[in-house]
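1. give me a model of this one.
(one chain, ligands or ions: 1)
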Amino acid sequence: MSDVERRQDRSPVPSAFEYAPAPESREIVRLEERYGLFIGGELVDPRSGEYQPTVNPATEEPLAEVAYAGPEDVDLAVTTACDAFQNGWSDLPGSERAKYLFRIARILQERSREFAVLESLDGGKPIRESRDVDLPLAAAHFFYYAGWADKLEYAFPNRRPRPVGVAGQVIPWNFPLLMLSWKIAPALAAGNTVVLKPAETTPLTALLFCDVLRQAEVPPGVVNILTGDGRAGAELVKHPDVNKVAFTGSTEVGKEIQRAVAGTGKKLTLELGGKAANIIFDDAALDQAVEGIINGIYFNQGHVCCAGSRLFVQESIYEETIAKLKRRMGTLRVGDPLDKNTDVGAINSQQQLEKIKELVASGEEEGAEIYQPPCRLPERGWFFVPTVFTNVAQSYRIAQEEIFGPVLSVLTFRTPDEALEKANNTPYGLSAGVWTEKGSRILAMAQGLRAGVIWANTFNRFDPASPFGGYKESGFGREGGLHGLEPYLKFE
Ligand code: NDP
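-> Here you go, the predicted structure:
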């Protein structure tokens, strides 16, 4: 009997390591009491007159008040973006536009600590992730698209690429600054102007980005930021002078947007939800695969559209995999997002926490077996213990619906064909992971998986040069790479 098998009947033992608190100082962040809307290069009072607080999800304390844009504000921002497009920006040589993008990238790097702390304060993600993932990737997107700005004729030879006009962009709360970069960098590189609406619960890094725009001397009106709720997003996407709509968020709202722009001639890309399969074959390097499972579902509290939320384990290694997984889960540290040792931070909002709890309760009611490692949660704030469900049937809600939290559903398979059939049994098709040492099997699985992004022996890897996007209810269109430039261009 192997060591692992011998240990299986014992409950998994959490790591004995005790970590002293290692809090990142929040001194570097200077918050205003109140923020207006960024229109025409300055923060202005909203015509709607409405302000709402934005809250730290780890403490429930209000951080600042932000303006909520109404229809008149949306109209003003779009008109301003139109003027900026017609009066200079679209005629600038690509090499000039590139200079602004390079400046933005450098300033983001210089101010990355300030941005990372603010992102963790407003959104609840661990500082380790905002510092090491969100910020470097956000800067990398600006660098990458800066490089294309003066090479569009080469990128799309013989097609005479031209900017489309005003891009209306609506982004979610899980990667606030990174999603802003995914949207704004290609739009500006292609010569468009922008009106962007951040999510209601995470507006602060977008507002700090307004300062970067001013520092980089981006001409007024080229980028406009409208904070607010879904009403502002709906007004923005239906505004007649918006030529291109880019949305990341839930499938439900994506469908609403698609209906709103149907027949208007606006270009549209939708990056929606997912229920990714992470498939572990019996020849995989199991310890690495377990790290990949952990990263796939507990990174950013599972608030990740491409999260590996359905784990498929080959039956012959099921017991061993689950034992290793549970042991590893016991070492995850849940708590203060600003602590540099934290692995799993705060759930972004109370509403999202309720949604997670409701889906977890449904999993238990439907008959799945729940496991949560021993874990002390902070008394205040919105937190959820990393969770794994075994004995999951494909029909259970926890195997079908996007939970968008630190909750993993485990299923098993015997053959590659069975793995493919089960993995593709979802309305979504955003991403997938395959763990095996056989290159030929990776290629065969990648051919058969109906997902926009497929990782092999890794998970949640992003690069600005690599296109990202989905099939089916995960949306359409790609962001990143040359594919991500195309929706911001028209061809003559
Ligand atoms: P939404 O899709 O509602 O929000 C995404 C963005 O769209 C936000 O800026 C939101 O504003 C805005 N919005 C809301 N309604 C409209 C509308 N009718 N027209 C235009 N824009 C609109 O996501 P939620 O925040 O409500 O999250 C719900 C679920 O969606 C999550 O539990 C998760 O399953 C999924 N989700 C998926 C994401 C992904 O990356 N694929 C990202 C976020 C959520 P506001 O913030 O004010 O609501």
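2. for the residue most central in space within the chain, what are its contacts?
-> Centroid-nearest residue in the chain: residue 175, 4.3 Å away (criterion: CA atoms, centre = their mean). The neighbourhood of residue 175, defined by CB atoms under 8 Å, 6 or more residues apart in numbering, consists of 134, 300. (C-beta placed from N, C-alpha, C; glycine too.)
3. so how far is residue 305 from it?
-> 9 Å (CB to CB, to the nearest Å).
4. what residues does this structure put near the ligand?
-> 170-174, 197, 199-200, 229-230, 233-234, 237, 248-250, 253, 256-257, 272-273, 305, 352, 355, 402, 404 (CB under 6 Å from any ligand atom).
5. of those residues, just the buried ones, PyMOL syntax please.
-> Buried residues among those (16 or more other CB atoms under 10 Å), as a PyMOL selection:
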select buried, resi 170+171+172+173+174+197+199+200+233+234+237+248+249+253+256+257+272+273+305+352+355+402+404
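6. give me the subset of the residues of the chain next to the ligand lying in helices.
-> 230, 233, 234, 237, 253, 256, 257, 352, 355 (DSSP state H).
7. pretty sure the fourth one contacts residue 166?
-> So that's residue 237. No - in this structure, residue 237 is not within contact of residue 166 by CB atoms under 8 Å, at 11.5 Å.
8. give the contact list for the residue of the stretch 1-150 of the chain found nearest the ligand.
-> When distances are taken as CB to the nearest ligand atom, the stretch 1-150 of the chain reaches nearest to the ligand at residue 68, 8.8 Å away. Residue 68 makes contacts with 46, 48, 50, 51, 52, 227, 228, 229, 232, as judged by CB under 8 Å, 6+ apart.
9. just confirm the second one is within a strand.
-> What that stands for is residue 48. No - per DSSP: H, G, I helix; E, B strand; the rest coil, residue 48 lies outside any strand segment and is coil.
10. distance of it from residue 224?
-> Counting by CB to CB, the gap from residue 48 to residue 224 is 15 Å.
11. the two: who's more crowded?
-> residue 224 (29 against 18; other CB atoms under 10 Å).
12. so what's that one up against?
-> Residue 224 neighbours (CB under 8 Å, 6+ apart): 37, 38, 39, 40, 77, 80, 81, 193, 194, 195, 196.
13. what's the closest non-adjacent residue to it?
-> Distances taken as CB to CB, 6 or more residues apart in numbering put residue 77 closest to residue 224, at 4.3 Å, once the chain neighbours are dropped.
14. for that neighbour, give its distance to residue 66.
-> Distance from residue 77 to residue 66, by CB to CB: 15 Å.
15. higher neighbour count, those two?
-> When residue 77 and residue 66 are compared for neighbours, residue 77 comes out ahead with 30 against 25, by other CB under 10 Å.
16. and whichever strand or helix holds that one, what's buried?
-> In this assignment (DSSP states H and E), residue 77 forms part of helix 71-86. Within helix 71-86, the residues that count as buried by 16+ other CB under 10 Å are 73-85.
17. got it, and stretch 411-419?
-> Using 16+ other CB under 10 Å as the test for burial, stretch 411-419 gives 411, 412, 413, 416, 419.
18. for it, the averaged confidence score.
-> Across stretch 411-419, pLDDT averages out at 98.
19. separation between the closest residue to residue 329 other than its chain neighbours and the ligand?
-> With sequence-adjacent residues excluded and distances taken as CB to CB, 6+ apart, residue 329 is closest to residue 373, at 4.6 Å. Separation of residue 373 from the ligand (CB to the nearest ligand atom, to the nearest Å): 24 Å.
20. three-state assignment of residue 373?
-> Residue 373 ends up coil, using three-state DSSP.
21. count of neighbours near it?
-> Count around residue 373 with other CB under 10 Å applied: 20.
22. would you agree it is in contact with residue 325?
-> No - look at residue 373 against residue 325 with CB under 8 Å: they stay out of range, at 10.3 Å.
23. shouldn't residue 65 be within a helix?
-> No - under three-state DSSP, residue 65 falls outside any helix and is assigned strand.
24. residues contacting it?
-> 33, 34, 35, 51, 52, 53, 54.
25. how about the helices in the stretch 51-200 of the chain?
-> Secondary structure of the stretch 51-200 of the chain (DSSP state H, counting those that start in this stretch): helices at 71-86, 94-110, 112-123, 127-129, 135-148, 152-155, 176-189.
26. would you put the C-alpha positions of the first one in CSV?
-> Written as CSV, here are the backbone C-alpha positions of helix 71-86 (Å, rounded to 0.1, in the frame of the first residue of the first chain):
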residue,chain,number,x,y,z
PRO,A,71,-28.9,59.3,-19.6
GLU,A,72,-27.8,62.9,-19.9
ASP,A,73,-24.3,62.1,-18.7
VAL,A,74,-24.0,59.2,-21.1
ASP,A,75,-25.1,61.4,-23.9
LEU,A,76,-22.5,64.1,-22.9
ALA,A,77,-19.7,61.5,-22.7
VAL,A,78,-20.5,59.9,-26.1
THR,A,79,-20.8,63.3,-27.8
THR,A,80,-17.5,64.3,-26.2
ALA,A,81,-15.9,61.1,-27.5
CYS,A,82,-17.3,61.7,-31.0
ASP,A,83,-15.8,65.2,-31.0
ALA,A,84,-12.5,63.9,-29.9
PHE,A,85,-12.6,61.3,-32.7
GLN,A,86,-13.4,63.7,-35.4
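27. does anything pack onto it? Which helices or strands?
-> Secondary-structure packing of helix 71-86 (3 or more CB pairs under 8 Å, 6 or more residues apart in numbering; DSSP states H and E): strand 37-39, strand 166-170, strand 193-197, strand 223-225, helix 230-238.
28. which one of those lies nearest to residue 430?
-> strand 166-170 (17.8 Å; CB to CB).
29. so for that closest one, mean pLDDT?
-> Mean predicted confidence for strand 166-170 is 98.
30. partners of it in the sheet?
-> Next to strand 166-170 in the sheet, as set by DSSP bridges, lie strand 193-197 (parallel), strand 244-248 (parallel).
31. now those strands in TSV, with mean pLDDT and distance to residue 434?
-> As requested, these are exported to TSV (pLDDT from 0 to 100; distance: least, CB to CB, whole Å):
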stretch	mean pLDDT	distance to residue 434
strand 193-197	98	35
strand 244-248	98	25
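32. residue 143: which of these is closest?
-> Here strand 193-197 is closest among those (CB to CB), at 18.2 Å.
33. make sure residue 139 is actually in contact with residue 102.
-> No - Residue 139 is beyond contact range of residue 102, at 10.4 Å (criterion: CB under 8 Å).
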